[in-house]
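Asker: Mind folding the following:
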Amino acid sequence: MTFERFLYATIPTEMAKSAWGVIKENRLEQCSLAEQKFILDLWIEYEKGCF
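Answerer: Reported below is the predicted structural model:
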């Protein structure tokens, strides 16, 4: 499963669309710290295979 698919399977569609846009366009540093933590926590869960 790709990280993009993981996002769409794990969080509501609009949030996934927004998060994936941030990642795809390399805009993570433009997000608030809370948003950065949210996306990075999801990435950690994805990497651990906890889905």
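Asker: Next one, pLDDT for the residue most central in space within the chain please.
Answerer: By CA atoms, centre = their mean, the chain has its centre lying nearest to residue 39, at 4.0 Å. Model confidence at residue 39, given as pLDDT, is 94.
Asker: what does the one 10 residues further on give?
Answerer: Residue 49 is assigned 88 on the pLDDT scale.
Asker: and it, how many neighbours?
Answerer: For residue 49, the neighbour count with other CB atoms under 10 Å is 7. Glycine gets a C-beta too; all of them are placed from N, C-alpha and C.
Asker: Residue 43 now?
Answerer: Using other CB under 10 Å: residue 43 sits among 15 other residues.
Asker: Please verify my assumption that it contacts residue 7.
Answerer: No. If you go by CB atoms under 8 Å, residue 43 and residue 7 don't touch, sitting 9.5 Å apart.
Asker: outside of the helix or strand harbouring the residue nearest to the centre of the chain, which residues touch it?
Answerer: Assigned by DSSP states H and E, residue 39 belongs to helix 33-48. Outside of helix 33-48, the residues within contact range by CB atoms under 8 Å, 6 or more residues apart in numbering are 3, 6-7, 10-11, 19, 22-23, 28-29, 31, 51.
Asker: which one of these has the most neighbours?
Answerer: Result: residue 19 is most packed of the contacts of helix 33-48 (other CB under 10 Å), 23 neighbours.
Asker: That one: which element?
Answerer: Residue 19 belongs to helix 13-24 when assigned by DSSP H and E.
Asker: which other helices and strands contact that helix?
Answerer: Where contact means 3 or more CB pairs under 8 Å, 6 or more residues apart in numbering; DSSP states H and E, helix 13-24 is packed against helix 3-10, helix 33-48.
Asker: where does this protein have low pLDDT?
Answerer: 50-51 (pLDDT under 70).
Asker: that older thread, most tightly surrounded among the helices and strands packed on helix 13-24?
Answerer: Among the helices and strands packed on helix 13-24, the stretch with the highest mean neighbour count (mean count of other CB atoms under 10 Å) is helix 3-10, at a mean of 15.
Asker: list the helices and strands that one packs on?
Answerer: Under the contact criterion of 3+ CB pairs under 8 Å, 6+ apart, helix 3-10 touches helix 13-24, helix 33-48.
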